[in-house]
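Novice: Okay, here's the prediction I keep looking at, along with the sequence it came from:
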Amino acid sequence: MALVPVILSGGTGSRLWPLSRKAFPKPFVALPDGESLIQKTLRRVIDIKEDAPLLTVTNRDYYFLTRDTFAEYSRNQGQSVRNVHYLLEPTGRNTTPAMAAAALWAQEVAGPESILLVLPSDHLIHDQKAFAEAVHKAQQLAEQGYLVTFGVTPTGPETGYGYIQKGSALDSGYQVARFVEKPNQSKARDYLDSGDYLWNSGMFCMRADSLLKALQTDAPEVLEAVQAAIASATRNGDTWELGQEFALAPDISIDYAVMEKAPNVAVVQAGFDWNDLGAWSGYGSLMAKDAQGNQVHAPDCVLVDSQNCVVQSPERLTAILGLQDILIVDTPDALLVADRRRDQEVKTIVEKLKARKHSTVDLHATVHRPWGTYTTLEEGDHFKIKRIVVKKGEKLSLQMHHHRSEHWIVVSGTARIVNGQEEKLVMTNQSTYIPAGCPHRLENPGMMDLVLIEVQSGAYLAEDDIVRFDDIYGRAEAAATTA
């Protein structure tokens, strides 16, 4: 039976804010070693998937970001990642609809008895050998029809994870006695001392037909909506864009919908280390400690009489004097200073910013798009200055803005520009002007990155002032975000 890895790629960007944002969530954040969590997940599955397809379930917002991240991994490794497929959700509906879509896809593409290995894209596992061994055990149980989850041996009375109680022993795992919600400190200590409980990792292994049968029994409304979304999906090569019926599926996790109800649920006790980086303490654990217990990821940092601090400040000098147990995360447009013991509460800051409709909830100063990136350098009343980088061979949508005009100055490379009825090449050190209301397009016809400075002026400069007429990335009919 073919083993089909399924990577669930998404997130809200709240737990590692301000390093992660809604448009650039935790899976895509570079770790101290320079590699992102989703790239590490890709590395794990490449080693075990053999010739089977690899499926990524994501949405349009993260689709091009995921493809670019996989392409970057291929370049860094000097080998291409083959047989990768994508399911695009029109809206996020939790793990049950996502896994239902993956099972229906696998049933059609790889066969009903194909085995899904479902992995979140934001988990960190260092021991590849132990991971492969756990997958092999799970695969054996899945072949027998079990719905398998992976349990991690607790290393402490952790209150941030759900727990799984082990039941009767099986050949390569255990039946699941019960799932337990995140406990308080006292209960977590009891679970740890008993030796009968494992952390719930949120990773799964099961045959496609076994999952679909369980969904038919325990979550038929999910299955019905997702079947309709698959039937109406737009299929373009390796990418299926699910139909709008997907949004009708209940927003429910696979644990609640299936795993807590089905009789054929098993758990493999994994022998690998595991970290979901659910808070800044997890990220800090990836940094070496100095003699005072400080964990620093910063090229230029001065600490005086400070202990047990976590410092993430990769772009400018950070000086710390007389502080203990402090978390400092510095980015170009946002600074977080917190008691490191309260790092689980960072998401409350994000909620307050969201209520204020603050842009840092969604976007970094540098924003990734299918065609490249843009960085907001400065903005004020009636003006905004951006640095735009267009990758070779890429082009922005043919678009128009009602309320702003734009001045483009080419810093390096060559730009092919459509400006109303005119099309021309603009070279390094040359510029052009785009008046408000004028259809325009920017393209990089060269073999190197195109870099330009854009100066916007007008009464309204928000990114939703855009009308797309044509777009090679299929965004002309989508809700506007930016070019």
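Specialist: Looks like it came in fine.
Novice: Tell me where this structure is predicted with low confidence.
Specialist: Regions of the chain meeting the criterion pLDDT under 70 cover residues 477-483.
Novice: which helix is the longest one in it?
Specialist: helix 60-77 (DSSP state H).
Novice: Could you export it as CSV, CA atoms only?
Specialist: Written as CSV, here are the backbone C-alpha positions of helix 60-77 (Å, rounded to 0.1, in the frame of the first residue of the first chain):
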residue,chain,number,x,y,z
ARG,A,60,-4.6,30.3,-2.1
ASP,A,61,-3.0,32.8,0.3
TYR,A,62,-0.3,30.2,1.2
TYR,A,63,-0.1,28.3,-2.1
PHE,A,64,2.6,30.3,-3.8
LEU,A,65,4.4,30.8,-0.6
THR,A,66,4.5,27.1,-0.1
ARG,A,67,5.6,26.4,-3.7
ASP,A,68,8.4,29.0,-3.3
THR,A,69,9.5,27.5,0.0
PHE,A,70,9.7,24.0,-1.5
ALA,A,71,11.6,25.5,-4.5
GLU,A,72,14.0,27.1,-2.2
TYR,A,73,14.5,23.8,-0.4
SER,A,74,15.2,22.1,-3.7
ARG,A,75,17.8,24.8,-4.7
ASN,A,76,19.5,24.5,-1.3
GLN,A,77,19.6,20.7,-1.5
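Novice: Quick check: what element follows it along the chain?
Specialist: Counting by DSSP states H and E, the element after helix 60-77 in chain order, helix or strand, is strand 84-89.
Novice: what does the helix or strand that comes right after that following strand contact?
Specialist: Once the chain leaves strand 84-89, the next helix or strand it forms, by DSSP H and E, is helix 95-109. Here helix 95-109 makes contact (CB atoms under 8 Å, 6 or more residues apart in numbering) with 4, 6, 8, 53, 55, 57, 85, 87, 89, 114, 116, 118, 202, 204, 208-209, 211-212, 215, 219, 222-223, 225-227, 229-230, 240, 242, 246, 249-258. Placement of C-beta: from N, CA and C, glycine included.
Novice: Restricted to buried residues, select these in PyMOL.
Specialist: Burial among those is assessed by 16 or more other CB atoms under 10 Å; the matching PyMOL selection reads:
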select buried, resi 4+6+8+53+55+57+85+87+89+114+116+118+202+204+208+209+211+212+215+219+222+223+225+226+227+229+230+240+242+246+249+252+253+254+255+256+257+258
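Novice: So which residues of this protein form helices?
Specialist: 37-49, 60-77, 95-109, 128-143, 185-194, 208-218, 220-231, 254, 280-284, 346-355.
Novice: What is the burial count for the closest residue to L65 other than its chain neighbours?
Specialist: The spatially closest residue to L65, leaving aside those adjacent along the chain, is H368, at 5.5 Å (CB to CB, 6 or more residues apart in numbering). Number of residues near H368 (other CB atoms under 10 Å) recorded here: 18.
Novice: my guess is H368 contacts F24, does it?
Specialist: Yes - using CB atoms under 8 Å, H368 is in contact with F24, at 6.6 Å.
Novice: overlap in contacts of these two?
Specialist: Contact with both H368 and F24 is made by residues L65, according to CB under 8 Å, 6+ apart.
Novice: related to what we said a few turns ago, the longest helix of the chain vs strand 84-89, what angle?
Specialist: Relative orientation of helix 60-77 versus strand 84-89 (axes from the mean of the first three to the mean of the last three CA atoms, to 10 degrees): 160 degrees.
Novice: ok, now which ones touch Y433?
Specialist: 405-408.
Novice: now with 6 Å?
Specialist: H407 (CB atoms under 6 Å, 6 or more residues apart in numbering).
Novice: List the beta-bridge partners for it.
Specialist: Beta-bridge pairing for Y433 (DSSP bridges): H407.
Novice: In contact with L317: list those residues for me.
Specialist: D300.
Novice: So what does it look like in phi/psi?
Specialist: Dihedral pair for L317: phi -60, psi 130, per degrees, to the nearest 10.
Novice: could we number from 58 for the rest of this?
Specialist: OK, 58 is where the count begins now, so the last one is L374.
Novice: Distance of it relative to L360?
Specialist: For L374, the distance to L360 equals 12 Å [CB to CB, to the nearest Å].
Novice: do the same with G477
Specialist: Distance of G477 to L360, given as CB to CB: 56 Å.
Novice: how close does Q96 get to A159?
Specialist: To A159, Q96 is 20 Å away according to CB to CB.
Novice: Which one of those two is surrounded by more residues?
Specialist: Using other CB under 10 Å as the criterion, Q96 and A159 rank with A159 on top: 24 against 20.
Novice: relative to helix 152-166, how tilted is the lengthiest strand in the chain?
Specialist: In the chain, taking DSSP state E as the definition, the longest strand is strand 254-264. Using the same axes, to 10 degrees, the inter-axis angle of strand 254-264 relative to helix 152-166 is 30 degrees.
Novice: Contacts for strand 254-264, please.
Specialist: Residues contacting strand 254-264 (CB under 6 Å, 6+ apart): 170, 172-177, 195, 199, 204-209, 211, 218-222, 248, 326, 331.
Novice: Within its sheet, name the partner strands of it and how each one runs.
Specialist: Strand 254-264 has these strand partners (DSSP bridges): strand 172-177 (antiparallel), strand 204-209 (antiparallel), strand 220-226 (antiparallel).
Novice: Could you export those strands as JSON lines, including distance to E500?
Specialist: What follows is the strands paired with strand 254-264, written out as JSON lines (distance: least, CB to CB, whole Å):
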{"stretch": "strand 172-177", "distance to E500": "37"}
{"stretch": "strand 204-209", "distance to E500": "46"}
{"stretch": "strand 220-226", "distance to E500": "53"}
